[in-house]
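A.B. asks: kindly return the folded structure for what I paste below:
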Amino acid sequence: MPAAASPAPATLPDLFNAFNDLTVLIVGDVMVDAYVWGKATRLSPEAPVPVVNVTRTEQRLGGAANVALNVQALGATPLLCAVIGDDAGGDQLLHQLHERHLSADGLVRSQERPTTVKQRILAHDQQLLRIDAEVETDLSATEDAGLTEAYTQLLGRADVVIFEDYDKGVLNAARIARFIELARAQGVPTVVDPKKRNFLAYRGCTLFKPNLKELREGLKLDFADGDNAGLEHAVQVLRGHLAPDMVLVTLSERGVFCDAGRGPIYLPAHVRAISDVSGAGDTVISIAALCVALDVAPASMAALANLGGGLVCEQVGVVPIEKTRLLQEAEAAQVL
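C.D. replies: A predicted model of the protein is given here:
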């Protein structure tokens, strides 16, 4: 039975302790973020490009797998459900999961598509090139059957489902509708981090979390930053399409907007020394999902997610949230 069947925790320490008892099913696109660091001191004689002498390489978990890292950092148990290639990239991803004690039970390996690997070449603290090895085609019938079987088996263990969509083909409209219906039938809430292709496919989800750019593009509406009337109109249009229980829109340096059907909630961003915004959305969706599973009030959910998203922006690179610091700052900000 989902944790939402019980009353929401009354204090922040109780809430953060309750995170430890949750299991989160994350379905979507996983990938490997690979980095090559080096020194570039000369141009190639073959073409007008720098020659990079490699000093260090690293592979990190990306996409939906980075959401799993955030869920784990918050104390909950993540279960990934995705399709990866039967290739070296897939081996790297499984190794990274094993190193971080993350389950690979829901990963389906396929010989029909490669594992998504995004390789960045960096020298002197600058990115010179990114090489993406990926396909964005829909799953084959065999891959779809394997993913559906994995999702169905893991759903019974989940307190909440996160759809983490990067438009790489693991999710499509029919699959999304089927997975949401299965979750609703078992009383499991669904939380969505969308991308453009399937933006209007998540009808009946519990929480829909686009950023402002995704909201504009997904609805083909144009309104200026800071245009609250335009934003609220867009959210009502979105509600007409998807009928979600809640909408949470991240507004970058302007904070977040939340609508749970009882009036708009605007929360300004906390003043931060911003180093890198990469991965902030993964932190926001992870915190929001755990709060939804525990039936936390929308305003408190939005406030905690907003706080966590800002905290990870102080770190360089994609890093999961620090639970202890988040609790300290949440108590100071009295978000509950």
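A.B. asks: pick out the residue nearest the middle of this structure.
C.D. replies: For the chain, residue 282 is the residue whose C-alpha lies nearest the centre (Cα atoms, centre = their mean; 3.7 Å).
A.B. asks: that one contacts residue 68, correct?
C.D. replies: No: taking contacts as Cβ atoms under 8 Å, residue 282 lies outside contact range of residue 68: 9.2 Å. Every residue, glycine included, has its C-beta placed from N, CA and C.
A.B. asks: give me the element residue 171 is part of.
C.D. replies: Assigned by DSSP states H and E, residue 171 belongs to no helix or strand.
A.B. asks: typo on my end, it should be residue 291
C.D. replies: Assigned by DSSP H and E, residue 291 falls in helix 280-293.
A.B. asks: what's the next helix or strand after that helix in contact with?
C.D. replies: Heading C-terminal from helix 280-293, the first helix or strand you meet, by DSSP H and E, is helix 298-312. Applying Cβ atoms under 8 Å, 6 or more residues apart in numbering, the contact partners of helix 298-312 are 246, 248, 250, 255-256, 258, 260, 262, 265, 267, 269-270, 272, 279-281, 283-288, 291-292, 296, 319-322, 325-326, 329-330, 333, 335-336.
A.B. asks: residues of stretch 44-56 that come out buried?
C.D. replies: Neighbour counts over stretch 44-56 (16 or more other Cβ atoms under 10 Å) mark 50, 52 as buried.
A.B. asks: what's the end-to-end length of it?
C.D. replies: 20 Å (Cα to Cα, to the nearest Å).
A.B. asks: could you check how far it is from the centre of its chain?
C.D. replies: The gap between where stretch 44-56 is centred and where its chain is centred comes out at 34 Å by Cα atoms, centre = their mean, to the nearest Å.
A.B. asks: which of the helices or strands spans the residue nearest to residue 249 when sequence neighbours are not counted?
C.D. replies: Nearest residue to residue 249 in three dimensions, chain neighbours excluded: residue 257, at 4.4 Å (Cβ to Cβ, 6 or more residues apart in numbering). In the assignment (DSSP H and E), residue 257 maps to strand 256-259.
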